[in-house]
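> Below: sequence and its predicted model.
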Amino acid sequence: MKNRIVLIAFLMLGCISFTKAQNTVIKGNLLSPLVRTGSFFIEQKLNDNSSLQLGLLYSGAKVDDTKVRGFGITPEYRFYLSESAAPKGFFVAPYARYLNYDLTSDDNSNANLQSIGAGLIIGQQYIFKERVSFEWFFGPAYTNAELDVKSGVEDDFDTGNWDGFTLRAGLTVGIAF
């Protein structure tokens, strides 16, 4: 699964024009390793006021007594509201998110969780020395999770982290080109 995510990221890079500075930003979320997740983004400027961003994540976390392994995809559209041209400044971004996780509890119960949701974040992205990006963001989301139990019972798994209202937040660092 990790190889697929890396391959998709490199294919996306190959499709992007490198002719103008600061049209593209590749970044990683500094907070995601705290929950044993790798979260990476590629942002492409559309015009002076907007951009598209695609986020990819892979998780190998443990939540309570459940091992969580899987991936997520988060497309978002960013509206930059500041005087400076995208991709720097204050932004508002609606986004969607799809998650697909395999869950294994300590008693070897097994399930697949698929979640789809949407939300809205606000944030600020800074570009230093025309190449280094730093960003903060946060906002609410609503997700709907479906649990497919392979072995065990549904009560073996707590879907509260992925079902209903949640909060999305992050600090990213990256390279702009």
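Right, received. Where do you want to start?

> Show the contacting residues for the residue most central in space within the chain.
Geometric centre of the chain, nearest residue: G55, 4.2 Å, by CA atoms, centre = their mean. Applying CB atoms under 8 Å, 6 or more residues apart in numbering to G55 gives the contacts 39-41, 72-76. Backbone N, C-alpha and C define where each C-beta goes, glycine included.

> same thing with Y101?
By CB under 8 Å, 6+ apart, the residues touching Y101 are 59, 68-70, 112-115, 162.

> Which ones among these lie within helices?
Using DSSP state H, no member of the contacts of Y101 sits in helices.

> Looking at those residues, which are in strands?
Taking DSSP state E, the ones among those that sit in strands are 59, 68-70, 112-115.

> How many residues are close by L54?
L54 is flanked by 16 other residues according to other CB atoms under 10 Å.

> element containing it, please.
strand 50-63 (DSSP states H and E).

> for that strand, which positions count as buried?
The neighbour-count check on strand 50-63 (16 or more other CB atoms under 10 Å) flags 51, 53-59, 61, 63 as buried.
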